[in-house]
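**Q** how does the following fold in three dimensions:
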Amino acid sequence: MQKNSGTIIRVSGPLVEAEGLSAPQMYEMVRVGKEKLMGEIIELKKDRVAIQVYEETGGIAPGEEVVSTGRVMSVMLGPGLLQSIYDGIQRPLHLIEEQSKSFIIARGIETEGIDTKKQWNFTSRVEVGSHVIPGDILGSVEETTLITHHIMVPPHCPIGKVISIESGDHTITDTIAVIEDEKGVKHDIQMLQYWPIRKPRPKKAKIFPNEPLITGFRILDTFFPVAKGGAAAIPGPFGSGKTVTQQGLAKYCDAQVIVYIGCGERGNEMTEVLNEFPHLIDPNSGEPLMKRTVLIANTSNMPVAAREASVYSGITIAEYYRDMGYSVALMADSTSRWAEALREISGRMEEMPGEEGYPAYLGSRTAEFYERAGAVSCLGSDDRNGALTVIGAVSPPGGDLSEPVSQATLRVTKCFWGLDAALAYRKHFPAINWLTSYSLYIPNVVDFWKKEVAETFPVLRTQALSILQKEEKLMEIVRLVGMESLSSEERLTLDVAKVLREDFLFQNAFDPNDAYTPIKKQYYIVDAIMHIFNALDTHIKEAGADFDYKDIGKLALFETVASLKDFDANDIASFEDYKKRIDEKIQTMSA
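**A** The predicted structure follows:
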């Protein structure tokens, strides 16, 4: 095969222009310069191409060769993805280190995303003579003790009949089955698939997401839930806890597979993730969390162009596990760094800038990324469903949510978890502001709450959130004229709001009992707090003008609420006994 090559004519940071390539294509992969750096064609202009290079371009000069690979930027999909730690273009970090022979990444390293020599025990699920369609599961591999990896008929394979299939130990490049289509053409099926990262993987249809992603964070699960298959944004200024929150979500959420993308984040933060994750224990199974996790590390000191590739590589891997019928959660930290990479490349291409220098297509690129989330009916003849939940952190400069990246994200996500620097400085974790955050998935998950938690959960949630909102208005009055101007009902509202803030919304990440709270336990705690509020509110109204609010303080009702977090989630009797003791104390006030 004749080599298709061209010549570099201009170098501008990560952007390289070349000419002389024969029939170049958009997003085609090329090798740049003497060191064969990996790049991708992002613009075609007459006989010239613009290439974004995913490695440092220092020392590359005009006149050097650019060689086409003939394929678009793709990721390897197959057994071996889980427990892997990749850079932005799916190169395993440990292999890069081995080839570099140093902690400093050498240029021009070419590695395989998955080990093609390792053998996996494949167990077939179909027989010879079976008719299959794209997406059908041919068999499975025990990828880890937590996840069974389903080997599917590739989406591009036509409908046909299985004429051979072989269980046993195979590498991912071995032929495990042969399918003969209606025209008599035979197709070899391997466990390995390649998929273009910018092209969403196909599905039968998107379905209505009606189940919440349980995170263990009380403020999220109770007040601002995201549905499995939904999209959420976590915007916040520097130091407000975006990375910590996303790490907590990755550890505790009930998704079956986690894909964590560190996109342009500070090296020390990403180092902490890479050091911590392999040692974390999955609270849902007791196994190491990495057994169901894929990490993609692309720090701020790595080449800027690779930031864009990292988010697409991650979401393509996430879609692959979604197609197996799993619930997948993807954490992108942060999409602002990805947008900055778009801005830098766009500027070097001399495109007309949009708002704040971002390219005019920022909104459409952001929408394309988040629209790949969803609950779907998977390809195949069975009725399996999968879900991909995307949670993206946004880092607006100075916490200004009116900037373009935040606005583009809010337009396409239905869940907003607004981080507040003031709460973070007060050591309130998670530092999510309950007054500015919102979720549009409430109607989706109400039926789940009523069926799986309690019929009264939606009502109690609304009442508790209303008390927190009233607190802000009452505090304005207190700041102006003092606490004495408030009625007993209003003072009760302030006291219960304080309990909700300090004993329900605040969680201690270092306390095993408090770091993660099951959804039913969340309900019992809110139910107990609202029981105190309703009982006291009734008593105040019945007592009328004769009531002295100081009598409530003497009973120390609110001091015991914190103990609810230590109750066993399955011990309903303890919560009921607690409410009875509260009622008995209030009755002594009447006597």
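
**Q** what pLDDT does the model give Asp511?
**A** Looking at Asp511, its pLDDT reads 83.

**Q** where does pLDDT dip in the protein?
**A** 1-2, 103, 545-546, 590-591 (pLDDT under 70).

**Q** now do 80
**A** Residues of the chain that meet the criterion pLDDT under 80 lie in 1-3, 100-106, 265-274, 283-284, 299-303, 512, 543-551, 553-556, 589-591.

**Q** could you list the domains of it?
**A** 1-72, 120-191, 205-438, 454-590 (automatic domain parsing).

**Q** partner strands of the helix or strand encompassing Asn121 and their direction?
**A** Using DSSP states H and E, Asn121 sits within strand 120-124. If you go by DSSP bridges, strand 120-124 pairs up with strand 137-142 (antiparallel), strand 168-170 (antiparallel).

**Q** which one of those lies nearest to Lys579?
**A** strand 137-142 (46.8 Å; Cβ to Cβ). Glycine gets a C-beta too; all of them are placed from N, C-alpha and C.

**Q** where exactly do the helices run in the stretch 351-500 of the chain?
**A** 362-370, 404-412, 421-425, 442-448, 457-481, 488-499 (DSSP state H, counting those that start in this stretch).

**Q** same check, this time on the stretch 51-200 of the chain
**A** Using DSSP H, counting those that start in this stretch, helices in the stretch 51-200 of the chain cover 93-100.

**Q** that one: strands as residue ranges?
**A** Secondary structure of the stretch 51-200 of the chain (DSSP state E, counting those that start in this stretch): strands located at 65-72, 74-77, 85-86, 120-124, 131-132, 137-142, 148-152, 160-165, 168-170, 175-181, 186-190, 193-196.

**Q** which residue packs closest to Leu419, ignoring adjacent ones?
**A** In space, and not counting its chain neighbours, Leu419 is closest to Gly236: 2.7 Å by Cβ to Cβ, 6 or more residues apart in numbering.

**Q** still on that earlier bit, please identify which of the strands of the stretch 51-200 of the chain is closest to Pro443.
**A** The nearest among the strands of the stretch 51-200 of the chain, by Cβ to Cβ, is strand 148-152 at 32.4 Å.

**Q** which positions within the closest one qualify as buried?
**A** The neighbour-count check on strand 148-152 (16 or more other Cβ atoms under 10 Å) flags 149-152 as buried.

**Q** who's in contact with stretch 567-575?
**A** Outside stretch 567-575, the residues that touch it by Cβ atoms under 8 Å, 6 or more residues apart in numbering are 517-518, 520-521, 524, 527-528, 564, 578.

**Q** can you give me the end-to-end distance of that stretch?
**A** In stretch 567-575, first residue to last residue: 8 Å (Cα to Cα, to the nearest Å).

**Q** quick one: distance of it to the chain centre.
**A** Distance of stretch 567-575 from the chain centroid (Cα atoms, centre = their mean, to the nearest Å) equals 31 Å.

**Q** do stretch 138-156 as well
**A** With Cα atoms, centre = their mean, you get 22 Å for stretch 138-156.

**Q** correct me, but Gln190 touches Val178?
**A** No. Gln190 is not in contact with Val178 according to Cβ atoms under 8 Å; the separation is 10.8 Å.

**Q** hmm, back to that, JSON lines for the strands paired with strand 120-124, including mean neighbour count?
**A** Output for those, formatted as JSON lines (neighbours: other Cβ atoms under 10 Å):
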{"stretch": "strand 137-142", "mean neighbour count": "19"}
{"stretch": "strand 168-170", "mean neighbour count": "14"}
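
**Q** of those strands, which is nearest Phe224?
**A** Proximity to Phe224 (Cβ to Cβ) singles out strand 137-142 among these, at 35.6 Å.

**Q** any idea of the angle the closest one forms with strand 148-152?
**A** Here strand 137-142 runs at an angle of 150 degrees relative to strand 148-152 (axes from the mean of the first three to the mean of the last three Cα atoms, to 10 degrees).

**Q** disregarding flanking residues, what is the spatial nearest neighbour of Val394?
**A** Pro235 (4.0 Å).

**Q** count of neighbours near that neighbour?
**A** 28 (other Cβ atoms under 10 Å).

**Q** what do you get for Arg266?
**A** 14.

**Q** excluding its backbone neighbours, what's nearest it?
**A** Closest to Arg266 by Cβ to Cβ, 6+ apart is Ser300, at 5.8 Å.

**Q** contact partners for the residue nearest to Leu419?
**A** Gly236 touches 242, 393-396, 399, 418-421, 431, counting by Cβ under 8 Å, 6+ apart.

**Q** please report how far Phe429 lies from Phe510.
**A** Note on Phe429: its distance to Phe510, by Cβ to Cβ, to the nearest Å, is 10 Å.

**Q** these two: which has the busier surroundings?
**A** Shown here are Phe429 and Phe510; by other Cβ under 10 Å, Phe429 has more neighbours (21 against 7).

**Q** does that one touch Gln247 like I think?
**A** No. Applying Cβ under 8 Å, one finds Phe429 not in contact with Gln247, separated by 11.9 Å.

**Q** now do the shared contacts for those two.
**A** Joint contacts of Phe429 and Gln247 (Cβ under 8 Å, 6+ apart) do not exist.

**Q** let's have the strands of the stretch 51-200 of the chain in TSV, adding distance to Gly325.
**A** Converted to TSV, those look like this (distance: least, Cβ to Cβ, whole Å):
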stretch	distance to Gly325
strand 65-72	27
strand 74-77	15
strand 85-86	24
strand 120-124	17
strand 131-132	16
strand 137-142	9
strand 148-152	7
strand 160-165	20
strand 168-170	22
strand 175-181	20
strand 186-190	19
strand 193-196	16
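
**Q** and Ala339, how many neighbours?
**A** That count, for Ala339 with other Cβ under 10 Å as the rule, works out to 28.

**Q** ditto for Met349
**A** Met349: 16 neighbours (other Cβ under 10 Å).

**Q** excluding chain neighbours, what is closest to it?
**A** Here the residue nearest Met349, using Cβ to Cβ, 6+ apart, is Ala50, at 5.8 Å.

**Q** residues near that neighbour, how many?
**A** Number of residues near Ala50 (other Cβ under 10 Å) recorded here: 21.

**Q** same check on the one 10 residues further on?
**A** In terms of burial, Ile60 registers 19 neighbours under the definition other Cβ under 10 Å.

**Q** please report how far it lies from Asn298.
**A** 21 Å.

**Q** equivalent analysis for Pro278, please.
**A** 18 Å.

**Q** compare the two (neighbour count), which wins?
**A** In this view Pro278 and Asn298 are compared by other Cβ under 10 Å, and Asn298 has more residues nearby, 30 against 14.

**Q** hang on, that one is in a helix, isn't it?
**A** No. Applying DSSP: H, G, I helix; E, B strand; the rest coil, one finds Asn298 to be strand, outside a helix.
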